[in-house]
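Undergrad: I'd like to go over a predicted model; first the sequence, then the structure.
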Amino acid sequence: MFETVWLIIQDFLYNYGYLSLFTSAFLAASLIPLSPEVLIAMMCKTHSFWTIAIVATVGSYLGSVTTYVLGYWGLQKISNRFEIISPEKYEKGLKLFEKYGAWILLFTSVPIIGDAFVFVAGAVRYDFKKFSVLTIIGKFIRFILVLVLCHAGYDITASLTDMI
(Lines give C-alpha, C1' and ligand atoms only; values in the text may rest on other atoms or scores of the structure.)
Protein backbone atom coordinates (compact mmCIF):
# COMPACT_ATOMS: atom_id res chain seq x y z
CA MET A 1 0.00 0.00 0.00
CA PHE A 2 2.81 2.42 0.86
CA GLU A 3 4.29 1.95 -2.61
CA THR A 4 0.99 3.03 -4.18
CA VAL A 5 0.82 6.17 -2.03
CA TRP A 6 4.48 6.90 -2.80
CA LEU A 7 3.80 6.57 -6.56
CA ILE A 8 0.87 8.98 -6.29
CA ILE A 9 3.04 11.50 -4.43
CA GLN A 10 5.82 11.17 -7.00
CA ASP A 11 3.33 11.59 -9.86
CA PHE A 12 1.91 14.71 -8.22
CA LEU A 13 5.39 16.15 -7.73
CA TYR A 14 6.34 15.37 -11.31
CA ASN A 15 3.25 17.13 -12.65
CA TYR A 16 2.88 19.92 -10.09
CA GLY A 17 6.29 19.89 -8.45
CA TYR A 18 7.25 23.51 -8.93
CA LEU A 19 3.85 24.77 -7.76
CA SER A 20 4.05 22.50 -4.72
CA LEU A 21 7.59 23.67 -4.01
CA PHE A 22 6.69 27.34 -4.38
CA THR A 23 3.71 26.93 -2.04
CA SER A 24 5.70 24.98 0.53
CA ALA A 25 8.57 27.50 0.50
CA PHE A 26 6.15 30.43 0.72
CA LEU A 27 4.23 28.99 3.66
CA ALA A 28 7.39 27.88 5.48
CA ALA A 29 8.75 31.44 5.32
CA SER A 30 5.48 33.02 6.44
CA LEU A 31 5.39 31.62 9.97
CA ILE A 32 3.81 28.26 9.13
CA PRO A 33 6.00 25.33 10.18
CA LEU A 34 6.69 23.52 6.91
CA SER A 35 9.87 22.28 5.30
CA PRO A 36 10.43 22.67 1.56
CA GLU A 37 13.59 20.57 1.91
CA VAL A 38 11.55 17.36 1.73
CA LEU A 39 10.08 18.39 -1.61
CA ILE A 40 13.48 19.49 -2.85
CA ALA A 41 14.95 16.12 -1.93
CA MET A 42 12.14 14.35 -3.76
CA MET A 43 12.45 16.57 -6.83
CA CYS A 44 16.21 16.92 -7.12
CA LYS A 45 16.74 13.83 -9.28
CA THR A 46 13.92 14.54 -11.76
CA HIS A 47 13.67 18.34 -11.97
CA SER A 48 16.06 21.12 -12.99
CA PHE A 49 18.63 22.04 -10.32
CA TRP A 50 18.49 25.77 -11.08
CA THR A 51 14.72 25.92 -11.50
CA ILE A 52 14.26 24.25 -8.11
CA ALA A 53 16.67 26.74 -6.51
CA ILE A 54 14.95 29.73 -8.10
CA VAL A 55 11.36 28.60 -7.42
CA ALA A 56 12.17 27.77 -3.78
CA THR A 57 14.02 31.07 -3.31
CA VAL A 58 11.22 33.17 -4.82
CA GLY A 59 8.54 31.37 -2.80
CA SER A 60 10.54 31.65 0.40
CA TYR A 61 11.39 35.31 -0.23
CA LEU A 62 7.74 36.22 -0.86
CA GLY A 63 6.76 34.38 2.32
CA SER A 64 9.36 36.41 4.19
CA VAL A 65 7.95 39.61 2.71
CA THR A 66 4.60 38.80 4.32
CA THR A 67 6.32 38.40 7.69
CA TYR A 68 8.27 41.64 7.13
CA VAL A 69 5.01 43.45 6.37
CA LEU A 70 3.40 42.04 9.51
CA GLY A 71 6.30 43.43 11.55
CA TYR A 72 6.19 46.73 9.69
CA TRP A 73 2.44 47.26 10.18
CA GLY A 74 2.82 47.37 13.88
CA LEU A 75 4.37 45.04 16.34
CA GLN A 76 2.00 45.92 19.15
CA LYS A 77 -1.24 45.93 17.13
CA ILE A 78 -0.57 42.62 15.48
CA SER A 79 1.22 40.78 18.26
CA ASN A 80 -1.38 41.68 20.87
CA ARG A 81 -4.21 40.43 18.67
CA PHE A 82 -2.48 37.32 17.28
CA GLU A 83 0.70 35.90 18.73
CA ILE A 84 2.65 35.77 15.49
CA ILE A 85 6.08 35.76 17.08
CA SER A 86 6.40 34.88 20.74
CA PRO A 87 7.82 37.69 22.88
CA GLU A 88 10.84 35.48 23.64
CA LYS A 89 11.59 34.90 19.94
CA TYR A 90 11.10 38.59 19.20
CA GLU A 91 13.47 39.66 21.98
CA LYS A 92 16.09 37.14 20.91
CA GLY A 93 15.75 38.21 17.28
CA LEU A 94 15.98 41.89 18.23
CA LYS A 95 19.11 41.34 20.33
CA LEU A 96 20.80 39.44 17.50
CA PHE A 97 19.67 42.08 14.98
CA GLU A 98 21.13 44.82 17.17
CA LYS A 99 24.34 42.86 17.79
CA TYR A 100 25.08 41.73 14.21
CA GLY A 101 23.15 44.31 12.25
CA ALA A 102 21.42 43.62 8.98
CA TRP A 103 23.85 40.78 8.16
CA ILE A 104 21.67 38.60 10.36
CA LEU A 105 19.14 38.66 7.49
CA LEU A 106 21.40 36.24 5.63
CA PHE A 107 20.21 33.69 8.20
CA THR A 108 16.44 34.14 7.76
CA SER A 109 16.25 30.51 6.63
CA VAL A 110 17.41 29.18 10.00
CA PRO A 111 14.55 27.18 11.52
CA ILE A 112 12.65 28.64 14.48
CA ILE A 113 14.54 31.95 14.89
CA GLY A 114 14.81 32.96 11.21
CA ASP A 115 11.21 34.21 11.07
CA ALA A 116 11.93 36.43 14.06
CA PHE A 117 14.77 38.15 12.14
CA VAL A 118 12.35 38.97 9.32
CA PHE A 119 9.65 40.17 11.71
CA VAL A 120 12.15 42.35 13.59
CA ALA A 121 13.43 43.84 10.32
CA GLY A 122 9.88 44.93 9.53
CA ALA A 123 9.22 46.16 13.08
CA VAL A 124 12.35 48.35 13.07
CA ARG A 125 11.45 49.45 9.54
CA TYR A 126 14.73 48.28 8.07
CA ASP A 127 15.21 49.43 4.46
CA PHE A 128 13.13 47.10 2.26
CA LYS A 129 15.60 47.01 -0.64
CA LYS A 130 18.48 46.01 1.62
CA PHE A 131 16.23 43.53 3.42
CA SER A 132 15.31 42.01 0.06
CA VAL A 133 18.89 41.64 -1.17
CA LEU A 134 20.16 40.03 2.03
CA THR A 135 17.14 37.76 2.40
CA ILE A 136 17.30 36.56 -1.21
CA ILE A 137 21.02 35.83 -0.95
CA GLY A 138 20.57 33.86 2.29
CA LYS A 139 17.65 31.85 0.99
CA PHE A 140 19.31 31.13 -2.36
CA ILE A 141 22.43 29.83 -0.58
CA ARG A 142 20.25 27.63 1.62
CA PHE A 143 18.49 25.99 -1.30
CA ILE A 144 21.69 25.57 -3.31
CA LEU A 145 23.24 23.83 -0.30
CA VAL A 146 20.22 21.50 0.01
CA LEU A 147 20.42 20.67 -3.70
CA VAL A 148 24.16 20.05 -3.58
CA LEU A 149 23.67 17.68 -0.63
CA CYS A 150 20.89 15.94 -2.52
CA HIS A 151 23.01 15.50 -5.63
CA ALA A 152 25.90 14.29 -3.46
CA GLY A 153 23.74 11.40 -2.33
CA TYR A 154 22.35 12.69 0.95
CA ASP A 155 18.71 11.58 0.88
CA ILE A 156 16.42 12.73 3.66
CA THR A 157 13.46 11.01 2.02
CA ALA A 158 14.94 7.59 2.87
CA SER A 159 14.77 8.35 6.57
CA LEU A 160 11.31 9.85 6.05
CA THR A 161 9.95 6.63 4.52
CA ASP A 162 11.40 4.63 7.41
CA MET A 163 9.37 6.72 9.86
CA ILE A 164 6.06 6.05 8.07
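TA: Received it, and whenever you're ready, just let me know what you need. Residues are numbered from 1 along each chain as shown.

Undergrad: how about the helices of the protein, start to end?
TA: For the chain, the helices defined by DSSP state H occupy 2-29, 36-43, 49-73, 75-81, 87-100, 114-123, 128-151, 156-163.

Undergrad: for L106, which of those is the nearest?
TA: When the helices of the chain are ranked by proximity to L106, the top entry is helix 128-151, at 3.9 Å, counting by Cβ to Cβ. Heads up, the C-betas are built off the backbone N, CA and C, glycines and all.

Undergrad: name the surrounding residues that touch the closest one.
TA: With Cβ atoms under 8 Å, 6 or more residues apart in numbering as the test, helix 128-151 has contacts from 29, 36-37, 40-41, 44-45, 49, 52-53, 56-57, 60-61, 64-65, 68, 102-103, 105-109, 118, 121.

Undergrad: swap in 6 Å and give it another go.
TA: 37, 40-41, 44, 49, 53, 56-57, 60-61, 64, 105-106, 108-109, 121 (Cβ atoms under 6 Å, 6 or more residues apart in numbering).

Undergrad: which residues touch the residue positioned nearest the centre of the chain?
TA: The residue lying closest to the centre of the chain (Cα atoms, centre = their mean) is A29, at 4.0 Å. Neighbouring residues of A29 by Cβ under 6 Å, 6+ apart: 60, 63-64.

Undergrad: and which of those is nearest G114?
TA: Closest approach between these and G114, by Cβ to Cβ: S64, at 8.5 Å.

Undergrad: okay, that closest one and H151: tell me how far apart.
TA: Noted for S64: a distance of 26 Å to H151, by Cβ to Cβ, to the nearest Å.

Undergrad: export the helices of the chain as CSV, with columns for mean pLDDT.
TA: Conversion of these to CSV gives the following (pLDDT from 0 to 100):
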stretch, mean pLDDT
helix 2-29, 76
helix 36-43, 84
helix 49-73, 93
helix 75-81, 56
helix 87-100, 78
helix 114-123, 85
helix 128-151, 93
helix 156-163, 50
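
Undergrad: and the ones you listed, which is most packed in?
TA: Sort those by mean neighbour count, taking mean count of other Cβ atoms under 10 Å, and helix 114-123 sits at the top with a mean of 27.
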